[in-house]
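Asks: For reference, the sequence and a predicted model appear below.
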Amino acid sequence: MALHETIEQTVTGLGYELVDIERTAGGLLRVTIDQPYVQGAEQFINAEDCEKVTRQLQFVLEVEGAAYSRLEVSSPGIDRPLRSEKDFERFAGELIDLTLKVPIGAAAAAGSGVSASRKKFRGTLERAASGWQIVWSEEPAVKPGQKISKKRIPAPLQALGFTLDEIVQARLAPVVDFKGRRPKSAPATEI
């Protein structure tokens with residue numbers, strides 16, 4: 001059995017989702033796990049989860065005779081990679097960083113004000129008719145204390161459609177809010 005299949009079987013058998021497996025030249029085997037997606041429930045990986053998976057993987061990898069010098073099991077973090085269709089469905093509506101395999105090209109950039117050689121984008125992930133799209137605005141971020149004219153016209157929203165085959169990497173954008181996470185449906189209230 002291949003190493004990837006062995007790890008995936010072990011992780012899913014323990015009730016977790018396998019996000020990524022990375023091997024380095026120095027012998028490090030890094031396994032990234034997450035809680036299985038449950039609609040409406042926000043669950044996080046903690047140190048006990050990582051410890052439980054580490055113990056089981058150490059046993060299984062020893063039995064399988066896998067070559068590695070160090071095993072590291074971790075959570076996906078705030079910049080979680082999006083790899084499968086299931087990941088994109090789970091994080092629709094979230095802010096993501098997207099890198100394409102090839103630049104968008106002159107035809108896609110025509111009239112949009114976007115450079116034809118651009119490959120990296122940050123915006124909101126949305127479902128589109130032909131797959132997925134990312135929606136963003138080129139408007140600069142407002143600095144704290146900066147006054148904004150009421151007459152100012154906001155920059156238009158732009159959208160770029162893509163399929164999973166066209167991307168090199170997609171990750172949740174690491175946005176830190178020290179006031180805590182708020183549900184998408186409920187409006188934010190100040191305390």
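Replies: Everything's here; your move.

Asks: Strands of this structure, start to end?
Replies: For the chain, applying DSSP state E gives strands covering 17-23, 28-34, 70-74, 95-100, 120-128, 131-137, 157-162, 167-172.

Asks: okay, the ones you listed in CSV with distance to residue 8, mean neighbour count and mean pLDDT next?
Replies: No exception for glycine: its C-beta is placed from N, CA and C like everyone else's. Shown next, in CSV, are the strands of the chain (distance: least, Cβ to Cβ, whole Å; neighbours: other Cβ atoms under 10 Å; pLDDT from 0 to 100):
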stretch, distance to residue 8, mean neighbour count, mean pLDDT
strand 17-23, 5, 15, 92
strand 28-34, 10, 20, 94
strand 70-74, 13, 16, 94
strand 95-100, 24, 18, 92
strand 120-128, 25, 16, 90
strand 131-137, 24, 17, 87
strand 157-162, 26, 16, 84
strand 167-172, 20, 17, 92
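
Asks: could these be laid out in a markdown table, adding distance to residue 51?
Replies: Formatted as a markdown table, those follow (distance: least, Cβ to Cβ, whole Å):
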| stretch | distance to residue 51 |
| --- | --- |
| strand 17-23 | 17 |
| strand 28-34 | 11 |
| strand 70-74 | 8 |
| strand 95-100 | 30 |
| strand 120-128 | 32 |
| strand 131-137 | 35 |
| strand 157-162 | 38 |
| strand 167-172 | 24 |
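
Asks: List of residues touching stretch 32-39?
Replies: With Cβ atoms under 8 Å, 6 or more residues apart in numbering as the test, stretch 32-39 has contacts from 11, 15-22, 43-45, 49-50, 53, 73-76, 80-81, 86, 90.

Asks: if we go to 10 Å?
Replies: 7, 11-12, 14-22, 41-46, 49-50, 52-54, 57, 72-77, 80-81, 86-87, 89-91 (Cβ atoms under 10 Å, 6 or more residues apart in numbering).

Asks: Sounds good, over and out.
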